[in-house]
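# Sequence plus the predicted model coming up.
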Amino acid sequence: MDNILCDELLQEIFMKLPPSSSSSVSLVSKRWLYLFRSSRTSLSLRLLPRFSDIASLSSLLSDHSSLSSLSLFLSSDSASADSAVSDYVLAVVSSRCSRLRALRFMSGPVSLSSLNSLSTACTCLTSLCINLPRPVSLRWVLSFPSLRELAITWPSSGGQEIDPSNQFEVWESDETVAELGLQSLCLVGIRRDDWGAGWLWRSCKNLKKLRLQSCQGIGGPYSSFVQCLRNLEEIELRTCRSVVDGVLLHLAENCQFLNSLLVYDGGSRDGLLHFFFHCRSNLQKLDLRLPLDLNNDHLSAMAANIRGLSSLRLQNCCLVTGEGLKLLGTSMASCGLEELALINCDVVERESGLLATLGQQLRQLRKLDLSHNELLLDKEFISMSVSCTHLSDLKLRGCKGLTNAAMISVVRSCKFLENVDIMHCGGIESEAVEVFVEKSPKLRRINVEENKLSNAAKMWASNRCIEVVY
């Protein structure tokens, strides 16, 4: 049989194998190992910054001649922080992977000369994730005309302090603006004294998604920043307390197509209120993790001005009350909210009857996440689940107060469930898990501890192709 199958046919078969089966292919013969490697289009590697690992990288990449996506991680010790090591590894990638379309290179900062070499070798690169040194310099992006997704991380500390006035003169005095094709941009670690991103903001006219993380500034004046907001659809602000007010202000005034907003760990009450009252776009997805910044005033503003939400996710929001959530639920009853997450929100445990009211208001819910509400009881959860009969995705991870009764109720009420997470729910036992797996007609995936799966439950899961994640 091995002689009958030609190389091209074997490679086509290998490309269609699931990951669980493909790992054993290389053990059959040297021919299969060679064909398997040459047919792979995606590869993820973690290297130690030692000579033997780096020396073997060139040979390994040569064997994977069809790679279009590569993730490469250098372990984070003192050697891997050496820019020379990172530059050498990137040079190997440039020389061996000319077909790359996506590169995620997580290591110490790489030099701009290495990026120029990469752009010459990998002309089809559309996605790049890289670490860079300071000062912030971004004109090299022009060397990647096909780039659509870009993620850059700068070191969080160390390096020489830069005089922001000097950088402003260097970068902002040049009015030349390029037309970049970037649609997704992620910037991590911009400091207050970094002023090298103004040109990039002015050149990103087609930006759809923006993510800022651990940023104390935006790398330039807001007059440049607003020029990338015209077509923006999604924005994520993670641990950016210093700039979140300014960003939200300009989002409210300049974004007409924004449909998704995420703000984690850093905001201000006034900035959020201004955004909710003056937002000009049809916001559809809202994800907030603001333990000390979100309160009922914000929920009231959302209820009054944001009517098209399809997804609302709140995490660790300890200042909101049941009154605010019920008001929000009333306003969203007619808009067809499909996803609701109240993760580690003590109001769920604190106010009796809240979940029952939300369930009656939001009968069209498809996804419900009540994870890490450790004191949530059966009575409160069941009172909501009996109304949410269209659920397809349910997450109860870490809800230690729930018992078998909660799962039996779900089996009776929620006939469309496909994905369920009941990890770390100590009160839910193997008997209830067995009944749930057997009686849920559309179940496709369940997250549960292995010791809660009886032999019968494993049989049902196997026969019905249900994925079990431990």
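Yep, it's here.

# which residues of the stretch 151-300 of the chain fall in helices?
Using DSSP state H, counting those that start in this stretch, the helices assigned to the stretch 151-300 of the chain run over residues 164-172, 198-203, 222-225, 244-254, 269-278, 296-305.

# all strands of the stretch 1-150 of the chain, in order?
42-47, 69-74, 102-106, 127-131, 149-153 (DSSP state E, counting those that start in this stretch).

# List of residues touching the fourth one?
Outside of strand 127-131, the residues that reach it under the criterion C-beta atoms under 8 Å, 6 or more residues apart in numbering are 86, 101-110, 115, 144, 147-155, 186. Just so you know, the C-beta spots here come from the backbone N, C-alpha and C atoms, and that holds for glycine as well.

# Name every strand pairing with that strand and say which way it goes.
Taking DSSP bridges as the criterion, strand 127-131 sits next to strand 102-106 (parallel), strand 149-153 (parallel) in its sheet.

# neighbouring contacts of the last one?
Meaning strand 149-153. So strand 149-153 is in contact with 102, 126-132, 138, 141, 182-189, 211, going by C-beta under 8 Å, 6+ apart.

# Pipe the strands paired with strand 127-131 into a markdown table and attach distance to S42, mean pLDDT and mean neighbour count per row.
Formatted as a markdown table, the strands paired with strand 127-131 follow (distance: least, C-beta to C-beta, whole Å; pLDDT from 0 to 100; neighbours: other C-beta atoms under 10 Å):
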| stretch | distance to S42 | mean pLDDT | mean neighbour count |
| --- | --- | --- | --- |
| strand 102-106 | 8 | 96 | 19 |
| strand 149-153 | 15 | 97 | 19 |
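
# out of those, which comes closest to T41?
Shortest distance between T41 and the strands paired with strand 127-131, using C-beta to C-beta, is found for strand 102-106: 10.0 Å.

# what's the closest one in contact with?
Strand 102-106 has contacts (C-beta under 8 Å, 6+ apart) with 68-74, 86, 89-90, 93, 97, 118, 122, 125-131, 149.

# Ok, stretch 265-277 next?
Contacts of stretch 265-277 (C-beta under 8 Å, 6+ apart): 237-242, 244-245, 248-249, 251-252, 263, 289-290, 293-295, 297-298, 301-302, 304-306.

# Of the residues you listed, grab the buried ones for ChimeraX.
In ChimeraX syntax, the buried subset of those is picked out as below (16 or more other C-beta atoms under 10 Å):
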select :237,238,239,240,241,244,245,248,249,251,252,263,289,290,293,294,295,298,301,302,306
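
# okay, the helices of the stretch 151-300 of the chain in CSV with distance to E431 and mean pLDDT next?
Compiled in CSV, the helices of the stretch 151-300 of the chain are given as follows (distance: least, C-beta to C-beta, whole Å; pLDDT from 0 to 100):
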stretch, distance to E431, mean pLDDT
helix 164-172, 64, 42
helix 198-203, 58, 94
helix 222-225, 57, 94
helix 244-254, 48, 95
helix 269-278, 46, 93
helix 296-305, 40, 95
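
# now, of those, which is deepest in the fold?
Mean neighbours per residue, mean count of other C-beta atoms under 10 Å, is largest over these for helix 198-203, with a mean of 24.

# ok now that helix, how far from the chain's centre?
24 Å (C-alpha atoms, centre = their mean, to the nearest Å).

# send the alpha carbons of it over as PDB?
C-alpha atoms of helix 198-203 as PDB (Å, rounded to 0.1, in the frame of the first residue of the first chain):
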ATOM      1  CA  GLY A 198       1.800  59.600  15.300                       C
ATOM      2  CA  TRP A 199       2.800  58.700  11.700                       C
ATOM      3  CA  LEU A 200       1.200  55.200  12.100                       C
ATOM      4  CA  TRP A 201      -2.100  56.600  13.300                       C
ATOM      5  CA  ARG A 202      -2.300  59.000  10.400                       C
ATOM      6  CA  SER A 203      -1.500  56.200   7.900                       C
END
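
# And that helix, what does it pack against?
Helices and strands touching helix 198-203, by 3 or more C-beta pairs under 8 Å, 6 or more residues apart in numbering; DSSP states H and E, are helix 164-172, helix 222-225.

# quick one: the nearest residue to N373 once chain neighbours are set aside from Y88, how far?
Computed as C-beta to C-beta, 6 or more residues apart in numbering, the closest residue to N373 that is not its neighbour in sequence is V348, at 4.8 Å. Distance of V348 to Y88, given as C-beta to C-beta, to the nearest Å: 52 Å.
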